[in-house]
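Enquirer: What follows is a predicted protein model with its sequence.
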Amino acid sequence: MTTGAGATRNSATARLVLLTLAAGQFLMALDSSVMNVSIATVADDVGTTVTGIQGAITAYTLVMAMFMIPGGKIGALLGRRRTFMIGCGVYGCGSLVTALAPNLPVLLLGWALLEGIGASLILPAIVALVARNFAPERRPTAYGLVAAAGAVAIAVGPLIGGVATTYFSWRWVFAGEVVVVVGILLLARRIADAPIGERRRVDLVGAVLSALGLGIFVYGVLRSDEWGWFQPKPDAPSWLGVSLVVWLMLAGLALIWLYLRWEARMVRRGREPLVDPAILHNRQLTGGLTMFFFQYLVQMGVFFVVPLYLSVALGLSALMTGARILPLSLTLLAAAILIPRFFPDVSPRRVVRLGILALLAGAVVLMAALDEDAGAEVVTVPLLLIGLGMGALASQLGSVTVSAVPEARSAEVGGVQNAVTNLGASIGTALAGSILIASLTTSFLTSVDQNDAVPADVKSRASVELQSGVPFLSDAQLESALDDAGTSPEVTRAALDANDAARLDGLRAALAVLALTALLALFFTHRIPTTQPRGSEP
């Protein structure tokens, strides 16, 4: 394989290209976290409810998941740089519409639809453009920095959202995204594009099947917290006594199976598939994709749990919560940059295993450190470990997956890779949330039931009213709700004590599941190569 433009481009141009692509990755990840601290403010501003804004965030995730694989194919047909720029243009229009949105429908149009479609074009193109613009020996560093930019965006998103909402307006976040998009488009002309090759038609049937399969599956996962994973919660939809989440996930998997059958049929007939199913028999590629899935599952689970602990359990502001998460970015960037620079020939499998062990250690240390007397400082060392693990994985996995196939298929690999990370992120957030609420509910109701100060009728009513799940509340929120309900001081004190203990039980349970997931990932690392990839066959 030729080393492409990356072999001859000077270092200044290479840095500019890397900055441009990393900025694109940063923007795509920012929307997933920046508004989580400002949901109530956004809801009031556009005249809707918190549920409406959460629906917009869900819709953004769904649109990305649905169109990620077709987005990768479009990049292969139109050209990666052109698709990247088109995606940036669509995303910028979506950000502008969101910044000006007067109501929820306009917000959905801008934030969920336009930005989601833009992201599905941008993210696969970034994977292919890194492969085109950097020689094989420089790709681990390049992929590491691009992936690190996305992770840093998730880490600093709450801080950015908190500053904007507190001192300006949440709308300035999206207006700022428009400015960044303009800058990216101005710099994108320096990016070397790959030859387009023979133009063929897009496999529309495959595009519909993949979009529906991934969309329905992810939607089911995202509804698990509200509807229940298996046993339906009160008033939640069900079929044959089983939560609709199960049926949605099964339907999604069935459609994905049909999609793969259809693609195999296209190949047998000599037509161009959306993604050739044969690449999924590639041991190195599937190994890299599996690690991406586990990384994002654990990563997004941690980004769900830690802010909850800081902002709700400890009552920190959005600004302080964001500041406490920043240490993660330090070790993440250090590992992503320094591992490829100082250990260019290190075994990718060894780095990946050490990275997963760092994620595992971070989750276990944080789980052990949480107690009733713990403060915000207990998250520092665990986040440093988790950042180190994320950076180690970022420094290897992108190069592993892309080098597993010919460069001409890098955009398709980008689509599949980002679809897998989307699945991992969705499942990680939903799983952590579900385990947390389930453990919180059990612990809270057990504490209340064992407290003699709580009257029997209150215990009975609590068991009925809270069977769908105890909300994760701060002491101030719970005390306000109990005062409004006119409860006695004894019952209020008992409920506050139960809530303190239950919150920690819920957080520990979620971290335990994330730690077990990281441990499980170690069993799948044998497919990661032991030598650094130096490109794929032409």
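Expert: Received it, and whenever you're ready, just let me know what you need. This one's a predicted model, so the numbers in the text were calculated from it and none came from an experiment. Residues are numbered from 1 along each chain as shown.

Enquirer: center of this protein - which residue?
Expert: Closest residue to the average C-alpha location of the chain: Ala425 at 3.7 Å, with Cα atoms, centre = their mean.

Enquirer: Surely that residue forms part of a helix?
Expert: Yes: Ala425 sits within a helix when classified using DSSP: H, G, I helix; E, B strand; the rest coil.

Enquirer: Met300 and Gly94, how far apart?
Expert: Separation of Met300 from Gly94 (Cβ to Cβ, to the nearest Å) stands at 22 Å. For every residue, glycine as well, the C-beta is placed using N, CA and C.

Enquirer: those strands in the stretch 201-350 of the chain, which residues are they?
Expert: According to DSSP state E, counting those that start in this stretch, the stretch 201-350 of the chain carries its strands in the segments 238-239, 242-243.

Enquirer: Neighbour count: Met300 and Gly94, which is higher?
Expert: Higher neighbour count among Met300 and Gly94: Gly94, with 27 against 24, using other Cβ atoms under 10 Å.

Enquirer: That one and Leu338, how far apart?
Expert: Taking Cβ to Cβ, one finds Gly94 at 36 Å from Leu338.

Enquirer: what's the answer for Thr98, then?
Expert: On the measure of Cβ to Cβ, Thr98 and Leu338 end up 37 Å apart.

Enquirer: In terms of neighbours, single out the busier of these two.
Expert: Legend: neighbour count by other Cβ under 10 Å for Thr98 and Leu338, higher for Thr98 (30 against 14).

Enquirer: quick one, what contacts that one?
Expert: With contact taken as Cβ atoms under 8 Å, 6 or more residues apart in numbering, Thr98 is in contact with Leu107, Gly110, Trp111, Glu115, Arg171, Phe174.

Enquirer: again, only using 10 Å
Expert: Each residue near Thr98 by Cβ atoms under 10 Å, 6 or more residues apart in numbering is listed here: 31, 35, 42, 46, 56, 60, 106-112, 114-115, 170-171, 173-175, 177-178.

Enquirer: and it, what element?
Expert: Thr98 belongs to helix 80-100 when assigned by DSSP states H and E.

Enquirer: now that helix: mean pLDDT?
Expert: Taken as a whole, helix 80-100 has an average pLDDT of 91.

Enquirer: Flag every buried residue along that helix.
Expert: Within helix 80-100, the residues that count as buried by 16 or more other Cβ atoms under 10 Å are 80-99.

Enquirer: now that helix, how far from the chain's geometric center?
Expert: Relative to its chain's centre, helix 80-100 lies at 20 Å (Cα atoms, centre = their mean, to the nearest Å).

Enquirer: Render the CA-only coordinates of it in PDB, please.
Expert: The C-alpha coordinates for helix 80-100 follow below in PDB (Å, rounded to 0.1, in the frame of the first residue of the first chain):
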ATOM      1  CA  ARG A  80     -13.800  11.800   2.000                       C
ATOM      2  CA  ARG A  81     -12.900  15.400   2.200                       C
ATOM      3  CA  ARG A  82     -16.000  16.500   0.300                       C
ATOM      4  CA  THR A  83     -18.200  14.400   2.500                       C
ATOM      5  CA  PHE A  84     -16.400  15.800   5.600                       C
ATOM      6  CA  MET A  85     -17.100  19.400   4.400                       C
ATOM      7  CA  ILE A  86     -20.700  18.700   3.400                       C
ATOM      8  CA  GLY A  87     -21.200  17.100   6.900                       C
ATOM      9  CA  CYS A  88     -19.700  20.100   8.500                       C
ATOM     10  CA  GLY A  89     -22.000  22.400   6.500                       C
ATOM     11  CA  VAL A  90     -25.000  20.400   7.500                       C
ATOM     12  CA  TYR A  91     -23.900  20.300  11.100                       C
ATOM     13  CA  GLY A  92     -23.200  24.100  11.200                       C
ATOM     14  CA  CYS A  93     -26.700  24.700   9.800                       C
ATOM     15  CA  GLY A  94     -28.100  22.500  12.600                       C
ATOM     16  CA  SER A  95     -26.100  24.400  15.200                       C
ATOM     17  CA  LEU A  96     -27.400  27.700  13.900                       C
ATOM     18  CA  VAL A  97     -31.000  26.500  13.900                       C
ATOM     19  CA  THR A  98     -30.600  25.200  17.400                       C
ATOM     20  CA  ALA A  99     -29.100  28.500  18.700                       C
ATOM     21  CA  LEU A 100     -32.100  30.400  17.300                       C
END
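
Enquirer: Go through the helix or strand that it is followed by and flag the buried ones.
Expert: Sequence-wise, the next helix or strand downstream of helix 80-100 (DSSP H and E) is helix 104-107. The neighbour-count check on helix 104-107 (16+ other Cβ under 10 Å) flags Leu104, Leu107 as buried.

Enquirer: I'd like the next helix or strand past helix 104-107.
Expert: Downstream of helix 104-107 (by DSSP H and E), the next one is helix 115-133.

Enquirer: okay, the angle between the next helix or strand after that next one and helix 115-133?
Expert: Later in the chain than helix 115-133, the nearest helix or strand by DSSP H and E is helix 139-167. Helix 139-167 and helix 115-133 are oriented at 150 degrees to each other (axes from the mean of the first three to the mean of the last three Cα atoms, to 10 degrees).

Enquirer: OK, contacts around Asp193?
Expert: Ala5, Gly79, Arg80, Arg81, Arg82, Thr83, Phe84, Ala125, Ala128, Leu129, Arg132, Asn133.

Enquirer: cool, and Val275?
Expert: Neighbours of Val275 in contact, by Cβ under 10 Å, 6+ apart: 69-70, 72-73, 76, 203, 206, 210, 259-260, 263, 409, 412-413, 415-416, 419.

Enquirer: if we go to 6 Å?
Expert: If you count contacts by Cβ atoms under 6 Å, 6 or more residues apart in numbering, Val275 has them with Glu412.

Enquirer: what about Arg190, neighbour count?
Expert: Using other Cβ under 10 Å, Arg190 is surrounded by 15 other residues.

Enquirer: Residue numbering should commence at 336 henceforth.
Expert: Got it, first residue is 336 now, which makes that one Arg525.

Enquirer: What does the pLDDT read for it?
Expert: In this model, Arg525 is scored at 83, pLDDT.

Enquirer: same deal with Ala729?
Expert: 85.

Enquirer: Which element, helix or strand, includes it?
Expert: Taking DSSP H and E as the definition, one finds Ala729 inside helix 715-737.

Enquirer: same thing with Thr866?
Expert: Using DSSP H and E, no helix or strand contains Thr866.

Enquirer: Tell me, how many residues neighbour it?
Expert: Neighbour number of Thr866 under other Cβ under 10 Å is 10.

Enquirer: do you know how far it is from Ile526?
Expert: 29 Å.

Enquirer: show me the contacts for Ala349.
Expert: Here Ala349 is in contact with no residue (Cβ under 6 Å, 6+ apart).

Enquirer: and it, that one's in a helix?
Expert: Yes: with three-state DSSP as the criterion, Ala349 is assigned to a helix.
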